[in-house]
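Colleague: give me a 3D structure for the following:
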Amino acid sequence: MACNRRRFLRNGLALLSAVPVASALQRTGVGSVLTPSLAHAQVKTALSLEHPQAKALGYVHDASKVDTAKFPKRAGAEGAKQLCSNCQLLVQTDMKVEGEDGTWGKCALFTDGLVNVNGWCNSWVLKAGM
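Modeller: Residues are numbered from 1 along each chain as shown. Here you go, the predicted structure:
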């Protein structure tokens, strides 16, 4: 019985010590073969203007086409300065979308596609330091 107890404790300790190692490997991407969520290719498609969240926030790929009657935040001289390129929520830029002109980037709000740096939505917030 003592032998089984020792084996149980030894195996349990080995298993517990493996958990932080596996977690660290997953965070660094080394275990990406075992974790499909890390193996996904980067999004290279434009955000659909029909996406429910994009529609709700009035997102457009070209800020000059914003309906300022519906989204008065974009109206006037100050509104004309509002672009995705100077928004705090744009987290990565200098990306390309196949079949589309211009520069695109990742927005913290939209995970289903890339936004145009010349785009706009009603959640625009001036990037810190600008």
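Colleague: now do the contacts for the closest residue to residue 85 other than its chain neighbours.
Modeller: The shortest distance from residue 85 to any non-neighbouring residue, by C-beta to C-beta, 6 or more residues apart in numbering, is to residue 117 (4.0 Å). For glycine as for every other residue, the C-beta is placed from the backbone atoms N, C-alpha and C. Counting by C-beta atoms under 8 Å, 6 or more residues apart in numbering, residue 117 touches 83, 84, 85, 90, 93, 102, 103, 104, 105.
Colleague: out of these, who's nearest residue 57?
Modeller: Nearest to residue 57 out of the contacts of residue 117 is residue 84 (C-beta to C-beta; 11.7 Å).
Colleague: got a list of what that closest one touches?
Modeller: Neighbour list for residue 84: 63, 90, 105, 107, 115, 116, 117, 118, 119, 120, 121, 124 [criterion: C-beta under 8 Å, 6+ apart].
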